[in-house]
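Q: Below are the sequence and a predicted model; questions follow.
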Amino acid sequence: MGGRSWRELSNMDAMGAYDDKAVYVVSRNDWSEKGNIKFITENVIERILDLRNQPGKDIWLFGGGELISMLLAADLVDEMQIAYIPIILGQGILLFPDNPKESRWELRHSMCYGNGVVKISYIKLKD
């Protein structure tokens, strides 16, 4: 997850939901390892490639507009799940702040919840 997302979740005391998972926080600051939480502060693409090549499950990216733009540019995102929450913020963090290169995606699934939240899943099309 991105550093800002980690700080927000930590401030809300919501990191308990990740206790049983390896969490890697991409940040400019190394807040020092805390149990299952490790920090990636340099060579981000190389570190994520290393993680991707290890045995285990898929990598799930949470938050981090800058991070997702970086990973999209490196062609490291295979699937996106985007949730639309019906609240107008006025300001916020852009989903793709660095204008990633153009890519094509196919809708795999969409779901509308009773509270108005819509979750849409896309899979990357091969070039």
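A: Received it, and whenever you're ready, just let me know what you need.

Q: C-alpha only now, for contacts and for neighbours.
A: Noted.

Q: got the contact list for residue 59?
A: Residue 59 makes contact with residue 52, according to C-alpha atoms under 8 Å, 6 or more residues apart in numbering.

Q: in which helix or strand would I find residue 48?
A: Under the criterion of DSSP states H and E, residue 48 resides in helix 44-52.

Q: buried ones in that helix?
A: Of the residues in helix 44-52, those with enough neighbours to count as buried (16 or more other C-alpha atoms under 10 Å) are residue 48.

Q: Spatially nearest residue to residue 123 (excluding sequence neighbours)?
A: Computed as C-alpha to C-alpha, 6 or more residues apart in numbering, the closest residue to residue 123 that is not its neighbour in sequence is residue 79, at 4.3 Å.

Q: sorry, back to before: ok, then the element right after the helix holding residue 48?
A: Downstream of helix 44-52 (by DSSP H and E), the next one is helix 65-73.

Q: Let me see the mean pLDDT of that following helix.
A: Averaged over helix 65-73, pLDDT sits at 85.

Q: Can you tell me what sits against that helix?
A: 2, 26, 45, 61, 77, 93-101.

Q: C-alpha coordinates for the helix holding residue 48, CSV please?
A: Taking Å, rounded to 0.1, in the frame of the first residue of the first chain, the C-alpha atoms of helix 44-52 are listed here in CSV:
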residue,chain,number,x,y,z
VAL,A,44,10.3,0.0,-5.7
ILE,A,45,9.8,-1.6,-9.1
GLU,A,46,12.6,-4.1,-8.5
ARG,A,47,11.3,-5.0,-5.0
ILE,A,48,7.8,-5.5,-6.3
LEU,A,49,9.1,-7.7,-9.1
ASP,A,50,10.9,-9.8,-6.5
LEU,A,51,7.8,-10.1,-4.5
ARG,A,52,5.7,-11.0,-7.5
